[in-house]
Structure formats: C-alpha cells, structure tokens
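[1] What shape does this take:
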Amino acid sequence: MTGPGLFRVRPEDYYIVINHYGRFGPAFAETDLYRADYETTVTDLMTGQHSDPLRVIMFNTDANRAEDFLVTKLSPYMNDKPEVGDMK
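    This next block holds a predicted model:
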C-alpha cells in the first residue's frame, strides 16, 4: 500500500492522569498507550487504581484539542476526591 492512506490512523482521544503521590508530590501516572482510552481510564479511576487523582487530561493531537476531563466530565462522580488543583 502506498500514498497517504498508508499513514492514516483513526483520530483518538488519549487520557493521562495526574496523581498525587504523597510526599513525592504530583506526577503523571504511568500509562500504557493502549490503556489510555476513555473506558479504561474511567474504570481505573472508579475502581481506585489511582490513589489520589488530581487531574485527568484528555488530548487528541489529530483534532488539535485538549481538556481537563476530570473537571468537565468526572467531577460529579468523584465527590470523595480532593479538589482539582489542590496539589499540596
């Protein structure tokens, strides 16, 4: 296969979690590229895979967009989590 079709990929949204690691402070949680999708990220958050999530950033380089996903979509479900931006 040749031409532009060879390099076309489906645009995807990826999600990365900023977690607070106690005395070590905030950092991006290690994430496998194939586990950075919506369903896996939400499942991991809701099942406690991230002990203290501060932010979830959704980005899509093909669509040239990014958003603070924790604030816009997950906040209502994360009542027992710290305030977004509380990185003490």
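[2] Need phi/psi at the residue nearest to residue 41 when sequence neighbours are not counted.
    Nearest in space to residue 41, with sequence neighbours left out and distances taken as C-beta to C-beta, 6 or more residues apart in numbering, is residue 15 at 4.0 Å. Yep, even glycine has a C-beta here, placed from its N, CA and C like the rest. Dihedral pair for residue 15: phi -130, psi 130, per degrees, to the nearest 10.
[3] measure residue 15 to residue 22 for me?
    Per C-beta to C-beta, to the nearest Å, residue 15 is found 23 Å from residue 22.
[4] of these two, who's got more company?
    residue 15 (21 against 7; other C-beta atoms under 10 Å).
[5] elements contacting whichever strand or helix holds residue 55?
    Here residue 55, judged by DSSP states H and E, is contained in strand 53-60. Judged by 3 or more C-beta pairs under 8 Å, 6 or more residues apart in numbering; DSSP states H and E, the packing partners of strand 53-60 are strand 14-20, helix 38-46, strand 65-68, helix 69.
[6] which residues does residue 60 form a beta bridge with?
    According to DSSP bridges, the partner residues bridging residue 60 are residue 65.
[7] The helices and strands packed on strand 53-60: which one's closest to residue 59?
    strand 65-68 (4.1 Å; C-beta to C-beta).
[8] What would the closest one look like as PDB? C-alpha coordinates only.
    Output in PDB follows, covering the C-alpha atoms of strand 65-68 (Å, rounded to 0.1, in the frame of the first residue of the first chain):
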ATOM      1  CA  ARG A  65      -7.600  19.700  21.200                       C
ATOM      2  CA  ALA A  66      -7.200  19.000  24.900                       C
ATOM      3  CA  GLU A  67      -9.400  19.500  28.000                       C
ATOM      4  CA  ASP A  68      -9.300  18.900  31.700                       C
END
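[9] Buried residues, it. List them.
    Neighbour counts using 16 or more other C-beta atoms under 10 Å place residue 68 of strand 65-68 among the buried residues.
[10] which residues touch it?
    By C-beta atoms under 8 Å, 6 or more residues apart in numbering, the surrounding residues in contact with strand 65-68 are 55, 56, 57, 58, 59, 60, 84.
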